[in-house]
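Q: Test case, fold it:
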Amino acid sequence: MSEISYLEAKELTLEDYEDFIEDEGFSPNQAVAATFEDSVLMMKKSHKVYVSVMVNLSILSLRQDFLPDYLLEKQESLKMVNGLNEEEQSVYDSDISTLNQLLSNQKFEIDKDEEYKLRVNMLLEQY
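A: Predicted coordinates for the structure are as follows:
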């Protein structure tokens, strides 16, 4: 199996999120957490996949006016990603621009859950 690209990881993240909302009836908060957990294994295989999932979950959250503390805590690790082709780089740059704009608006609440944040850190030991 070949490595998942930044774009494929983004598509999978968005599809997963929508499935949890539409098919499972999850709230946006629940859908973000479920999508994160669904993505852990593929994130651990590639830094660019990690960045894609975390950036896009952050954007999805911020568009719903919240940001889980575990995503906020990881924002610095999303600033650099290597090995993107030209198309991926363009999408990444656009995603980072959108993310930075949403963060700068500061029109969101930070969802704090210390127990879940510990779980996230355990699942993502290397990051």
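
Q: from here on, contacts and neighbour counts on C-alpha atoms
A: OK.

Q: buried sites along the helix or strand harbouring residue 120?
A: Counting by DSSP states H and E, the element that carries residue 120 is helix 114-123. By 16 or more other CA atoms under 10 Å, the buried positions in helix 114-123 come out as 117, 120.

Q: so residue 123 sits right up against residue 42, yeah?
A: No. Counting by CA atoms under 8 Å, residue 123 does not reach residue 42; the two are 11.8 Å apart.

Q: ok, and the closest non-adjacent residue to the spatially most central residue of the chain?
A: Ranked by distance to the mean C-alpha position of the chain (CA atoms, centre = their mean), the top residue is residue 54 at 2.2 Å. Counting by CA to CA, 6 or more residues apart in numbering, the nearest residue to residue 54 once its immediate chain neighbours are dropped is residue 71, at 6.9 Å.

Q: Roughly how far does that neighbour sit from residue 105?
A: Computed as CA to CA, to the nearest Å, the residue 71 to residue 105 distance reads 17 Å.

Q: More neighbours: which of the two?
A: Using other CA atoms under 10 Å, the more surrounded residue of residue 71 and residue 105 is residue 71, with 18 against 9.

Q: can you list contacts of the strand or helix carrying that one?
A: Assigned by DSSP H and E, residue 71 falls within helix 69-72. The contact list for helix 69-72 (CA atoms under 8 Å, 6 or more residues apart in numbering) reads 54, 57-58, 110-113, 117, 120.
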